[in-house]
Every structure is written in C-alpha cells, then in structure tokens.
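Colleague: after the sequence you'll find the predicted model.
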Amino acid sequence: MSTESKVLAYIHDTAVIAPGARIAKNVEIGPYSVIGENVEIGEGTKIGPHVVITGWTQIGKDCKIFQGASIGEEPQDLKFKGEKSYVFIGDRTTIREGATVHRATGEGEETRIGNDCLLMALTHVAHNCVVGNNIIMSNLASLAGHCIVEDRAVIGGMAGVHQFVKIGRNAMVGGMSKLTQDVVPYTIVDGHPAKAVGLNSVGISRAGIPLESRRRIKQAYKILYRSGLSLAQAIAVIEQEVDSCDEIEHFLRFLRDAERGICRERHND
C-alpha cells in the first residue's frame, strides 16, 4: 500500500494490510483486520475489527463492514481448483457481524453484490451468486452457489436458498423458508418448501411502482396462480390479456427463464 494511502486512510496499528492492497482515502480499518494483496477498497468505507478481506475483491464507496466478516475467501465448492476469481461489492452496502461472501468458482468468474444492500449478521453469499441493488438479507439467511437475487428483494432470517434459484424483483421470502424453485417477482413466499402466499403489496408500493402497473401485476398474478393453467398457458394468457408495461414485461421474462420451475401458490385444504 502506498505511503499516500496510509496518510489518507485511518488504519489501526494492529491491522495487517498487504503491500499490494489499494486503499482509497477516508477508509477506516479496525483492529486486527486483515486486507489481502489483491483487495481494493473504495473511498469512505469503514471496516471494523477482526474482518478478513482476501482474494481478488473490490469493495465500493461508503460501505460498512462489521466485526468478524469474511469476504473474498475461497468458495466452499469441490470443483474449485485455486483459479483466479472475483468478488465485487457495490457502494453503500452494509455487511454485518460474521457474514461471509465467497469468491466464484471458475477462472475469471465472479460473485457480485450491488449497491445499498444490507446483509445482516451471519448471512452467507456463496460462490457465483449475483445479488442486485437494495437487497436485504436478514440474520442467518444463506444463498447457495449460482443464485440470482434481483433488485429490492427481501430474504427473511434463516431462509435457505438452493443453488441456481432465482429470486425476482421486489419479492419477499419469509423467515426460515426453504427455497428450491424460483420466486416470481413481486410475490411473497413462505414455508418449507416455500409457496407463494400473495403479492408483496407493501414492497411494490414502496418501490414507487405506479398504481396502474400495480393493477396489471395483480391481474397477471391471478392468471398465473388462480386460473389452473400450466406455466406455459399462463404466460400465453398474460401476453394476450394484460396490457404491457415495464413490470409486466419483466414478469413475463422471469417466467420464461424459470428453468427450476416457480414457487406455486399455497392452498389451505
């Protein structure tokens, strides 16, 4: 690390910073934290005590990383053979105590977390995951490898997400849920295994989605879940009967790409 960086950053005497680490100005690094050779930390980021950041990891501006977090470590994947892979974390993201974010499996591959996210204590983001912007993961929620979480999704505490599962935009996952299939955008899912229990009306409203678009989402939800149609049939009916808007086009793209199938609706018999 350059002399200039040492002057402009606030680094505790007990922290261990590798010579090649790139530390921007106004970064704070707490006691006994370890920053690896290929790490880049953006301006204004605050790193607490006993944090380990290693691998080819890039962290954006104004992030907060609390004690005991581990970022950029090798993936927990038997296919991993020591290849060069990455972690990218956006701006203003908060990573709380004991959380873990692993770099990807595969040469040149990446694990990515967006801007303005909150990963609460003991959460886990596994190799090759792509986590969007404004995501909340509550305590002990875990993503297995290759998961995709779209913008403004909320994942409840202790939820477990199977590898390759996708969680759609503005969706909410109930605490302690088991996810083995994709979560349709704008929905709430809950249970073991998780089932859809309705629209995430509060999340949709807070996202600023226009009222007319919300009506169309509700119409599409009813066709998908209440009509008794197959997924392919429901897609065709939504295309014909629901007026297009950005939210409906995204809804349809997600359904067409749902290779693992979707969380179906819960029925109380």
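Modeller: Happy to help now that I have it. None of these values were measured; they are calculated from a predicted model.

Colleague: residue 98: what secondary structure?
Modeller: coil (DSSP: H, G, I helix; E, B strand; the rest coil).

Colleague: likewise for residue 247?
Modeller: Per three-state DSSP, residue 247 ends up helix.

Colleague: and for the residue nearest to residue 38 when sequence neighbours are not counted, the neighbour number?
Modeller: Residue nearest to residue 38 in three dimensions, not counting chain neighbours: residue 56, with 4.6 Å by Cβ to Cβ, 6 or more residues apart in numbering. For every residue, glycine as well, the C-beta is placed using N, CA and C. Neighbour count of residue 56, defined by other Cβ atoms under 10 Å: 19.

Colleague: quick one: contacts for residue 56?
Modeller: By Cβ atoms under 8 Å, 6 or more residues apart in numbering, the contact list for residue 56 reads 38-39, 72, 84-87, 103.

Colleague: how near is it to residue 122?
Modeller: Per Cβ to Cβ, to the nearest Å, residue 56 is found 24 Å from residue 122.

Colleague: so which of the contacts of residue 56 are in strands?
Modeller: Within those, residues falling in strands by DSSP state E are 39, 72, 86-87.

Colleague: how about the contacts of residue 56 in TSV, adding neighbour count and distance to residue 185?
Modeller: Compiled in TSV, the contacts of residue 56 are given as follows (neighbours: other Cβ atoms under 10 Å; distance: Cβ to Cβ, whole Å):
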residue	neighbour count	distance to residue 185
38	18	36
39	24	34
72	25	30
84	13	34
85	23	29
86	17	27
87	26	26
103	25	28
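
Colleague: what's the longest helix in this protein?
Modeller: Counting residues, the longest helix found in the chain (DSSP state H) is helix 211-226.

Colleague: for this structure, what spans make up the helices?
Modeller: Along the chain, counting by DSSP H, helices occupy 3-8, 201-206, 211-226, 231-241, 246-256.

Colleague: would you mind saying which of those helices lies nearest residue 171?
Modeller: Residue 171 sits nearest to helix 201-206 of all the helices of the chain, at 7.8 Å, using Cβ to Cβ.

Colleague: which secondary structure elements does that closest one contact?
Modeller: helix 211-226 (3 or more Cβ pairs under 8 Å, 6 or more residues apart in numbering; DSSP states H and E).

Colleague: helices and strands around the helix it packs on, which ones?
Modeller: Contact here means 3+ Cβ pairs under 8 Å, 6+ apart; on that basis helix 211-226 packs against strand 194-199, helix 201-206, helix 231-241, helix 246-256.

Colleague: can you tell me what sits against the longest helix of the chain?
Modeller: Residues from elsewhere that reach helix 211-226, judged by Cβ under 8 Å, 6+ apart: 184, 186-187, 196, 199, 201, 204-205, 209, 229, 231, 234, 237-238, 241-243, 245-248, 251, 255, 264-265.

Colleague: buried ones in it?
Modeller: Buried residues in helix 211-226, counted by 16 or more other Cβ atoms under 10 Å: 213-214, 216-218, 220-221, 223-225.

Colleague: what's the most distant pair in these?
Modeller: The distance between the two most remote of the buried residues of helix 211-226 (Cβ to Cβ) is 18.4 Å, for 213 and 225.

Colleague: what residues are up against the nearest residue to residue 51 once chain neighbours are set aside?
Modeller: Leaving out its chain neighbours, the residue that sits closest to residue 51 by Cβ to Cβ, 6+ apart is residue 33, at 4.3 Å. Residue 33 is in contact with 12, 15-16, 47-53, counting by Cβ under 8 Å, 6+ apart.

Colleague: go through those and flag which are in strands.
Modeller: 16, 47, 52-53.

Colleague: quick check on those: which are buried?
Modeller: The neighbour-count test (16+ other Cβ under 10 Å) marks 47, 52-53 as buried among these.

Colleague: and which of the contacts of residue 56 is nearest residue 144?
Modeller: Nearest member of the contacts of residue 56 to residue 144, counting by Cβ to Cβ, is residue 103, at 15.0 Å.

Colleague: quick revisit: farthest-separated two in the ones in strands among the contacts of residue 56?
Modeller: 39 and 86 (11.0 Å).

Colleague: returning to that earlier point: let me have the buried ones among the ones in strands among the contacts of residue 33 in JSON lines, adding distance to residue 131 and pLDDT as columns.
Modeller: Shown next, in JSON lines, are these (distance: Cβ to Cβ, whole Å; pLDDT from 0 to 100):
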{"residue": "47", "distance to residue 131": "20", "pLDDT": "98"}
{"residue": "52", "distance to residue 131": "20", "pLDDT": "99"}
{"residue": "53", "distance to residue 131": "17", "pLDDT": "99"}
